[in-house]
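S.K.: Predicted model and sequence below, questions to follow.
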Amino acid sequence: MRARPGEADTSTHPFLRLPGSNRLRTLPDGLWLHFSPDPADAYCDILCIEACSTLQNLLDKRSRFAPSTTSLLTVCPVPWLTAPLDPGSDKPRWQHIKLLRQQPVEPLVLPVRDVRVLYGLKTRQYDGFARTQMPQAHEYFCPMDALTDEQGASNPAMQALIARASGAANFMRLP
């Protein structure tokens, strides 16, 4: 389920935070959420998309998702949960999230089980990074223009990259 970008009012978007921290938030440029279907085992898997305009910006954003970082929480505000999933739809988001059995009155806060991050880099930085660096297992990289291309979702190379970023891609077959 797409969480970011969305409506112009960013206060209603889901965000990431560290447990015990009420002020420091991570707001990825793009955020997709996959919710557990089971209320007895509640979690959220995330795919973040980060556009990096400078090398320093890349290093800063990579540090937020480093494997040594402590656990993350996904926070979904009530206005986001009660808003329609699609424009023109009457069905609110929370009804599409199987682990929720009734309309929420408090933000949905879930531990993040799995993190995948797609970083968009300027072409020169992308070429240099791809020649000299080794991504972490949860990291994926693409040129920035592939992220900003209006037809990017239909680009076979982008589709293949996103398919590899799926947790299902790690299994020979799914049960």
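M.R.: Happy to help now that I have it.
S.K.: any idea which strand is longest in this structure?
M.R.: Ranked by number of residues, the top strand in the chain under DSSP state E is strand 108-121.
S.K.: for the helix or strand immediately after that strand in the chain, which positions count as buried?
M.R.: Note on strand 108-121: by DSSP states H and E, the next helix or strand toward the C-terminus is helix 123-132. By neighbour count, with 16 or more other Cβ atoms under 10 Å as the criterion, the buried positions of helix 123-132 are 125-126, 129. Using the backbone N, CA and C atoms, a C-beta is placed for each residue, glycine as well.
S.K.: The helix or strand just after helix 123-132 vs helix 123-132, what angle?
M.R.: Tracing the chain past helix 123-132, the next element assigned as helix or strand by DSSP H and E is strand 139-143. Here strand 139-143 runs at an angle of 140 degrees relative to helix 123-132 (axes from the mean of the first three to the mean of the last three Cα atoms, to 10 degrees).
S.K.: Convert stretch 138-157 to PDB, retaining C-alpha atoms only.
M.R.: Included here for stretch 138-157 are C-alpha records, laid out as PDB according to Å, rounded to 0.1, in the frame of the first residue of the first chain:
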ATOM      1  CA  HIS A 138      18.600  -4.400   1.600                       C
ATOM      2  CA  GLU A 139      19.800  -1.700  -0.800                       C
ATOM      3  CA  TYR A 140      18.900  -1.100  -4.400                       C
ATOM      4  CA  PHE A 141      20.200   1.700  -6.600                       C
ATOM      5  CA  CYS A 142      19.100   3.300  -9.800                       C
ATOM      6  CA  PRO A 143      19.800   6.500 -11.800                       C
ATOM      7  CA  MET A 144      17.600   9.400 -10.600                       C
ATOM      8  CA  ASP A 145      16.100   9.900 -14.100                       C
ATOM      9  CA  ALA A 146      14.600   6.400 -13.800                       C
ATOM     10  CA  LEU A 147      12.700   7.500 -10.700                       C
ATOM     11  CA  THR A 148      11.500  10.700 -12.200                       C
ATOM     12  CA  ASP A 149      10.500   9.300 -15.600                       C
ATOM     13  CA  GLU A 150       6.700   9.500 -16.100                       C
ATOM     14  CA  GLN A 151       6.900   6.100 -17.800                       C
ATOM     15  CA  GLY A 152       9.300   4.700 -15.200                       C
ATOM     16  CA  ALA A 153       6.800   2.100 -13.900                       C
ATOM     17  CA  SER A 154       6.600   0.500 -17.400                       C
ATOM     18  CA  ASN A 155      10.400   0.400 -17.800                       C
ATOM     19  CA  PRO A 156      11.400  -3.300 -17.900                       C
ATOM     20  CA  ALA A 157      14.700  -2.600 -16.100                       C
END
